[in-house]
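S.K.: sequence below, structure please.
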Amino acid sequence: MDPLLAVKVGCLVALLFITLICGLAPAFASWFLKSSVKDNYKLVVCLISSFAAGIFLGACLLHVVADSLSDIAAELSYINYPMGELILSLGFFLVLLIERIVLQFCHNQQNASQDGLPLPETPTLPEPDYEEKQETPAEIDASVAEPHNHIHPNVYIHASFRSLILFCSLSIHSVFEGLTIGLQSNYSSALQIAIAVLIHKGIIVFSLSLKLLQSMTRRAWLVVYIVLFSFMSPVGIMIGIIVTLNKSSIVTLVQAILEGIASGTFVYVTFLEILPQELNTSEKPLLKVLFIVIGFTIMAVIAIWA
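M.R.: Below is the predicted model:
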């Protein structure tokens, strides 16, 4: 077998198995599925989540956006206009519009169902015995901080929808990552990019799986997401190998435009969902920032070879 083709096929198989292993580990490791959340467990999950946020931030700025802008600039260099930024913005506003439409539809459906039913009778509750049990300020704070007890249904709608958008944007980017490998014509460059993508993919899919768990995604759906996601880069590699046999300027232009739209969706999810979720809490703020920086630094180092 040709050495270049061997590198591409080897990366295809490795990406498939690494993505499956790293993506399914959080879903089936009992440590991530504890029902009784203790302080140490909460802290570790919090720091891992902050690390994942740094990974997504680095992937967004140093890989996804940078790659798409350079590709669009190369393909549309004859246009004296920031076309890369424009296409990225279209992806951003596309997700914003879709999310607003879905949330408005869900809100209207909820109001319609409430208007069509009689209001339930308010049950008469016994007077609480304050002398028997009174909550301390610490217990009150803990109950407010507990995410599973006092969340409005719209929060779950946001989390589920944005998790789906996150999955779709990462999947599209994964296809183009695979295309990047499959379209290489040089053995050394293909091997170098393959190693970087393998490291990048393992971290990204683990972070994606963790985010899906945090958004209350059912295990069955999480497995479906991860299995589908694991095939995205291999599919991109296969498409790239086929395209190299008959590569045209139209194909590369369409690829650059689609990658720019996917980058816009990635920017939306990174800055409106992941980072606010980690930073808008008062728990260990400096430590969380440190782990975000560590995650970003890893992506910055990978960018040297990517």
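
S.K.: quick one: the host helix or strand of Cys46 to chain centroid distance?
M.R.: For Cys46, the element it lies in under DSSP states H and E is helix 39-58. Chain-centre distance of helix 39-58: 14 Å, with Cα atoms, centre = their mean, to the nearest Å.

S.K.: buried residues in the following helix or strand past that helix?
M.R.: Downstream of helix 39-58, the first helix or strand assigned by DSSP H and E is helix 65-75. For helix 65-75, burial by neighbour count (16 or more other Cβ atoms under 10 Å) applies to Val65, Asp67, Ser68, Leu69, Asp71, Ile72, Glu75. Backbone N, C-alpha and C define where each C-beta goes, glycine included.

S.K.: as JSON lines, these with pLDDT and distance to Ala14 would be great.
M.R.: Converted to JSON lines, the buried residues of helix 65-75 look like this (pLDDT from 0 to 100; distance: Cβ to Cβ, whole Å):
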{"residue": "Val65", "pLDDT": "87", "distance to Ala14": "26"}
{"residue": "Asp67", "pLDDT": "80", "distance to Ala14": "21"}
{"residue": "Ser68", "pLDDT": "84", "distance to Ala14": "25"}
{"residue": "Leu69", "pLDDT": "90", "distance to Ala14": "28"}
{"residue": "Asp71", "pLDDT": "85", "distance to Ala14": "25"}
{"residue": "Ile72", "pLDDT": "90", "distance to Ala14": "29"}
{"residue": "Glu75", "pLDDT": "88", "distance to Ala14": "30"}
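
S.K.: for the helix holding Cys46, list every residue counted as buried.
M.R.: 45-58.

S.K.: also stretch 293-306?
M.R.: Residues Val293, Gly295, Phe296, Ile298, Met299, Ile302, Ala303, Ala306 are the ones in stretch 293-306 that count as buried (16+ other Cβ under 10 Å).

S.K.: the nearest residue to Ser249 once chain neighbours are set aside: what's it in contact with?
M.R.: Closest residue to Ser249 apart from its sequence neighbours, by Cβ to Cβ, 6 or more residues apart in numbering: Glu75 at 7.9 Å. Applying Cβ atoms under 8 Å, 6 or more residues apart in numbering to Glu75 gives the contacts Ser249, Thr252, Leu253, Ala256.

S.K.: which strands and helices sit next to the helix or strand the last one falls within?
M.R.: This points to Ala256. Take DSSP H and E as the rule and Ala256 turns out to sit in helix 249-269. Using 3 or more Cβ pairs under 8 Å, 6 or more residues apart in numbering; DSSP states H and E as the contact test, the elements touching helix 249-269 are helix 65-75, helix 83-115, helix 153-182.

S.K.: tell me the mean pLDDT for the longest one?
M.R.: Confidence over helix 83-115 (mean pLDDT, whole number) is 80.

S.K.: pull the distance from the helix holding Ala256 to the chain's centre.
M.R.: Put simply, helix 249-269 sits 16 Å off its chain's centre (Cα atoms, centre = their mean).

S.K.: tell me the angle of it relative to helix 65-75?
M.R.: Here the directions of helix 249-269 and helix 65-75 differ by 150 degrees (axes from the mean of the first three to the mean of the last three Cα atoms, to 10 degrees).

S.K.: just checking, what packs against the helix or strand following helix 249-269?
M.R.: For helix 249-269, the following helix or strand on the C-terminal side (DSSP H and E) is helix 275-279. Under the contact criterion of 3+ Cβ pairs under 8 Å, 6+ apart, helix 275-279 touches helix 39-58, helix 285-305.

S.K.: give me the contacts around the first one.
M.R.: By Cβ under 8 Å, 6+ apart, the surrounding residues in contact with helix 39-58 are 31-32, 34, 203-204, 206-207, 210-211, 214, 269-270, 274-275, 277-278, 283-284, 287-289, 291-300, 302-303.

S.K.: swap the cut-off to 7 Å and go again
M.R.: With contact meaning Cβ atoms under 7 Å, 6 or more residues apart in numbering, helix 39-58 is reached by 34, 203-204, 207, 210-211, 214, 270, 274-275, 278, 283-284, 287-288, 291-296, 298-300.

S.K.: what do you get for the last one?
M.R.: If you take Cβ under 7 Å, 6+ apart as the criterion, helix 285-305 is touched by 46-47, 50-55, 57-59, 62-63, 192, 195-196, 199-200, 203, 278.
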